[in-house]
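>>> Pasting the sequence and the predicted coordinates here, then a few questions.
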Amino acid sequence: SATEFSRLPLPATPENIQRGIRYTDSLYGSGGTMMTEGIRQAFNVPVPEAMPLS
């Protein structure tokens, strides 16, 4: 299954970076690689209008 750290983009503050590192450190994978679900989930994340795209 695919999971995400946040449903919306977050600013790259030191606190959010540390939270993201803790999140990825807690992930555990097993079995085969099923990338389709993760790719679909990544492309379905809404981008706020005020978010710069560069």
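Great, that's in hand.
>>> What is the burial count for M34?
10 (other C-beta atoms under 10 Å). Glycine gets a C-beta too; all of them are placed from N, C-alpha and C.
>>> Do you know the pLDDT at it?
Predicted confidence (pLDDT) for M34: 78.
>>> That one and Q41: what is the separation?
The gap separating M34 from Q41 is 12 Å, by C-beta to C-beta, to the nearest Å.
>>> Q18 now?
23 Å.
>>> which helix of this structure spans the most residues?
Ranked by residue count and defined by DSSP state H, the top helix of the chain is helix 14-26.
>>> Other residues contacting it?
Under the contact criterion C-beta atoms under 8 Å, 6 or more residues apart in numbering, helix 14-26 has outside partners F5, L10.
>>> Return stretch 37-44 as PDB; C-alpha atoms alone will do.
This file holds the C-alpha atoms of stretch 37-44, laid out as PDB (Å, rounded to 0.1, in the frame of the first residue of the first chain):
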ATOM      1  CA  GLU A  37      -0.400   2.800  -6.400                       C
ATOM      2  CA  GLY A  38       2.300   5.200  -5.200                       C
ATOM      3  CA  ILE A  39       2.600   7.000  -8.500                       C
ATOM      4  CA  ARG A  40      -1.200   7.400  -8.700                       C
ATOM      5  CA  GLN A  41      -1.300   8.700  -5.100                       C
ATOM      6  CA  ALA A  42       1.500  11.200  -5.800                       C
ATOM      7  CA  PHE A  43      -0.200  12.600  -8.900                       C
ATOM      8  CA  ASN A  44      -3.500  13.100  -7.000                       C
END
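>>> mind listing the helices for this protein?
For the chain, the helices defined by DSSP H cover 14-26, 35-43.
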